[in-house]
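Enquirer: Compute the structure for the input listed below.
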Amino acid sequence: MFGRTTIIQAAVAAALFVLSGQAVVAEQFAEGSDYTMISPRMQTEVGEDKIEVIEFFWYGCPHCYTVEPYIEGWDIPEDVELVRIPATFSERWVIHAKVYYVLESLDRLDLHEVFFNAIHGEQSRRDLVTEDKIAEFFASFDSGISKEQFIKAYNSFVVHTKTQKADRLVNEYAIKSVPTFAVNGRYITSPSMVGSLPGLMDVLDYLISLEREQS
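Expert: Numbering: from 1, shown residues only. Model (predicted):
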């Protein structure tokens, strides 16, 4: 049987172990190298009970394509909401941004990865840069989206408005490259800052834990 002194010593040792582990994590991820602070903090749109993680991306970006499996395989905590924002740096990027919002408006974001693969997969389709070509692409297989349906959604007020909002957020967050991630309007990080994709996911989890401590 353990004595009172032994139990207290064990509890203290366990607490020190946890604290030392937290210190190691804190030392691993440094502001200015692995992530930067956003000042002033940006307003989030997912509710006070959620931690917002924004992924700024472009379908034509090979680095975004590479990070996608990590995002898809991420076990997103219940208090976290992932928001994808397509970047709008040029007319081609705007076209692809509208594709994302077409899929969202048609409740077909299951085709998000399909479009990524069409551009970067083994049978790469680099011609998917116009409204007409992209509409034909989705109509060319059993997607459930006809060319006419795609074009109607592409030119809808909803898609136009969401694309404008994406453009505003890209500017407000001062996004210069993709993929870039914003955590709860307070932190910015990216694979290029962290140096590896597994490391990126660790940094995201770390920043999320920091936000939990703020609440």
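Enquirer: Can you give me the distance of the nearest residue to Glu72 once chain neighbours are set aside to Ala153?
Expert: Using CB to CB, 6 or more residues apart in numbering and skipping residues adjacent in sequence, the residue nearest Glu72 is Glu113, 6.9 Å away. The C-beta positions use only the backbone N, C-alpha and C, and glycine is treated the same way. Note on Glu113: its distance to Ala153, by CB to CB, to the nearest Å, is 19 Å.
Enquirer: what's the model's confidence in stretch 34-41, averaged?
Expert: For stretch 34-41, the mean pLDDT works out to 96.
Enquirer: mind saving the C-alpha coords of it as CSV?
Expert: What follows is stretch 34-41 as a C-alpha-only set of coordinates in CSV (Å, rounded to 0.1, in the frame of the first residue of the first chain):
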residue,chain,number,x,y,z
ASP,A,34,6.2,28.3,-37.3
TYR,A,35,3.4,30.8,-37.0
THR,A,36,2.7,34.5,-36.8
MET,A,37,0.2,36.5,-34.8
ILE,A,38,-2.6,38.5,-36.6
SER,A,39,-2.9,42.0,-35.2
PRO,A,40,-5.6,43.1,-34.8
ARG,A,41,-7.4,39.8,-34.5
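Enquirer: so how many other residues sit close to the residue nearest to Glu72?
Expert: 13 (other CB atoms under 10 Å).
Enquirer: Secondary structure element holding it?
Expert: Glu113 belongs to helix 112-120 when assigned by DSSP states H and E.
Enquirer: residues in contact with that helix?
Expert: Residues from elsewhere that reach helix 112-120 (CB atoms under 8 Å, 6 or more residues apart in numbering): 59-60, 62, 64-65, 68, 72, 84, 99-100, 103, 124-126, 128, 137, 143.
Enquirer: hmm, which of those residues are the buried ones?
Expert: 59-60, 64-65, 68, 99-100, 103, 128, 137, 143 (16 or more other CB atoms under 10 Å).
Enquirer: Among those, which lie within helices?
Expert: For the buried ones among the contacts of helix 112-120, membership in helices holds for 64-65, 68, 99-100, 103, 137, with DSSP state H as the criterion.
Enquirer: how close does Tyr206 sit to His120?
Expert: From Tyr206 to His120 the distance is 29 Å (CB to CB).
Enquirer: ditto for Leu103
Expert: 17 Å.
Enquirer: Also Gly32?
Expert: Counting by CB to CB, the gap from Gly32 to His120 is 32 Å.
Enquirer: of those two, who's got more company?
Expert: Comparing Gly32 with His120 by neighbour count (other CB under 10 Å), the higher total belongs to His120, at 18 against 8.
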